[in-house]
Structures are given as C-alpha cells and as structure tokens.
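Participant: below is the structure, and that's it, no one-letter string:
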C-alpha cells in the first residue's frame with residue numbers, strides 16, 4: 001500500500017512539474033549565485049518547492065541536487081503549508097554558525113521522517129567566501145533507500161547559499177560526486 005501511495009504521489013508531482021535540460025557552462029541561479037555546470041543536468045520545477053532549485057542527473061527519485069541561492073534572514077527553507085498544527089517551518093537566521101546551518105539542513109532532510117547522520121563537517125571555501133562542507137548519510141523513510149550526501153554552503157551579506165547533493169550510496173553517489181565537487185569549487189557568490 002505504501003508503495004502505491006508513493007507511486008501515486010510521484011505521478012501527481014510529475015504531472016505538475018516541468019523539466020528542462022540544463023546544458024554545461026555558467027548558469028546564474030537567483031540574483032547572486034553563479035554555478036559552472038559539468039555535464040547535462042535536468043532542472044525540475046515543482047510548485048511549492050522553492051526556495052531551492054531541484055536538479056537531477058538520474059531522475060528525482062534517484063538523485064537530487066538542491067541549489068539554494070540566497071535564503072534571506074527569517075526565510076523558511078521549505079515552508080510547510082499543511083494544515084497540521086505540528087508542522088514547523090525551518091527558518092534561516094543570518095547569525096547562524098556553521099553547525100547551526102547544518103542542523104537546519106538536517107531538519108529539511110528529515111522532515112519526512114527520514115534519518116540523518118552527519119559524517120563530516122569542516123570549514124571550506126565556497127563561492128569565494130568562507131564557508132563549510134559536510135557529508136552525511138540519510139535513510140529515506142518512503143523506501144528505506146540508503147543515501148549518501150555532500151553539501152557546501154556559505155553565509156554572505158545575511159543570505160545563505162548552498163549546494164546539497166544526495167543519491168543512493170553504492171552506485172549513483174560515487175558516479176556523480178566528483179562532478180558535484182567540481183561545481184562547488186567553481187561556484188561564485190556575487
């Protein structure tokens with residue numbers, strides 16, 4: 001039954017989503033972020049998914065590349081518009097330290113009941129700014145798939161910029177990790 005519900009949800013979202021191919025080269029995302037794309041990605045535009053852009057190489061149920069291009073102080077990472085009174089929005093604060101920003105991403109990645117395990121966190125230059133890099137494991141609740149992820153982020157002029165990539169840990173994550181690392185190294189915050 002759970003698989004039927006998941007399939008129905010995927011079909012419903014795909015009916016509402018638009019997909020366009022993103023060719024290699026420099027791409028401006030938002031107002032201040034420039035990424036240099038390696039390989040051909042697909043940009044999925046789901047209603048209500050903002051403020052992140054969702055890109056994929058293999059398909060959204062396989063791998064997901066989230067691009068956050070200037071989340072402002074007080075802005076919800078992924079607003080929860082459900083009627084549930086228990087729902088809480090995860091809000092970015094410009095005063096957040098590296099660890100707090102990672103906790104914010106953990107909240108985003110586990111709001112569906114998935115599990116998250118931080119593997120590594122380190123200061124890392126990102127977008128020409130002082131930033132951070134972290135690696136994580138996630139077990140997606142919907143299908144118990146074990147995902148591996150890597151993320152890069154920086155806070156500049158009160159805004160959060162980040163790249164977050166995850167995919168099944170055994171095949172797809174190693175296949176695209178170097179490409180994502182190269183994109184992160186060439187990303188520029190303007």
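Facilitator: Everything's here; your move. The shown structure was predicted, so the numbers you read here are calculated from the model rather than taken from an experiment.
Participant: just after the helix or strand harbouring residue 162, pick out the following helix or strand.
Facilitator: Using DSSP states H and E, residue 162 falls within strand 159-168. For strand 159-168, the following helix or strand on the C-terminal side (DSSP H and E) is helix 172-186.
Participant: what does that following helix contact?
Facilitator: Here helix 172-186 makes contact (CB atoms under 8 Å, 6 or more residues apart in numbering) with 35-39, 57-58, 62-63, 65, 126, 133, 147-150, 152, 163, 165-167. No exception for glycine: its C-beta is placed from N, CA and C like everyone else's.
Participant: cool, stretch 109-124 as well?
Facilitator: Outside stretch 109-124, the residues that touch it by CB under 8 Å, 6+ apart are 78, 80, 90, 98-99, 102, 106, 130-142, 149, 152, 164, 166.
Participant: and the contacts of helix 172-186, which are buried?
Facilitator: 35, 37-38, 57, 63, 65, 126, 133, 147-150, 152, 163, 165-167 (16 or more other CB atoms under 10 Å).
Participant: keep only those of the residues you listed that are in strands.
Facilitator: Among those, the members found in strands (DSSP state E) are 35, 37, 65, 126, 133, 147-150, 152, 163, 165-167.
Participant: in a markdown table, list those along with pLDDT.
Facilitator: Listed next are those as a markdown table, based on pLDDT from 0 to 100:
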| residue | pLDDT |
| --- | --- |
| 35 | 97 |
| 37 | 91 |
| 65 | 96 |
| 126 | 98 |
| 133 | 98 |
| 147 | 98 |
| 148 | 98 |
| 149 | 98 |
| 150 | 98 |
| 152 | 98 |
| 163 | 98 |
| 165 | 98 |
| 166 | 98 |
| 167 | 98 |
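Participant: so residue 112 is in which element?
Facilitator: Using DSSP H and E, residue 112 sits in no helix or strand.
Participant: pick out the residue closest to the middle of this structure.
Facilitator: The chain has residue 66 as the residue nearest its centroid, 2.8 Å off, counting by CA atoms, centre = their mean.
Participant: okay, now the unreliable bits of the protein?
Facilitator: For the chain, residues meeting the criterion pLDDT under 70 lie at 1-16, 47-49, 79-88.
Participant: ok so, going back, rebuild the ones in strands among the buried ones among the contacts of helix 172-186 as CSV, extending it with distance to residue 71.
Facilitator: Converted to CSV, those look like this (distance: CB to CB, whole Å):
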residue, distance to residue 71
35, 16
37, 21
65, 16
126, 14
133, 18
147, 22
148, 24
149, 18
150, 19
152, 14
163, 13
165, 17
166, 19
167, 23
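Participant: and the helices in the chain?
Facilitator: For the chain, the helices defined by DSSP state H occupy 2-16, 98-110, 172-186.
Participant: hmm, residue 92 is touching residue 78, no?
Facilitator: No. Residue 92 lies out of contact with residue 78 (CB atoms under 8 Å); the separation is 10.8 Å.
Participant: look at the two and report which has more neighbours.
Facilitator: A count of neighbours by other CB atoms under 10 Å puts residue 92 above the other of residue 92 and residue 78, at 23 against 17.
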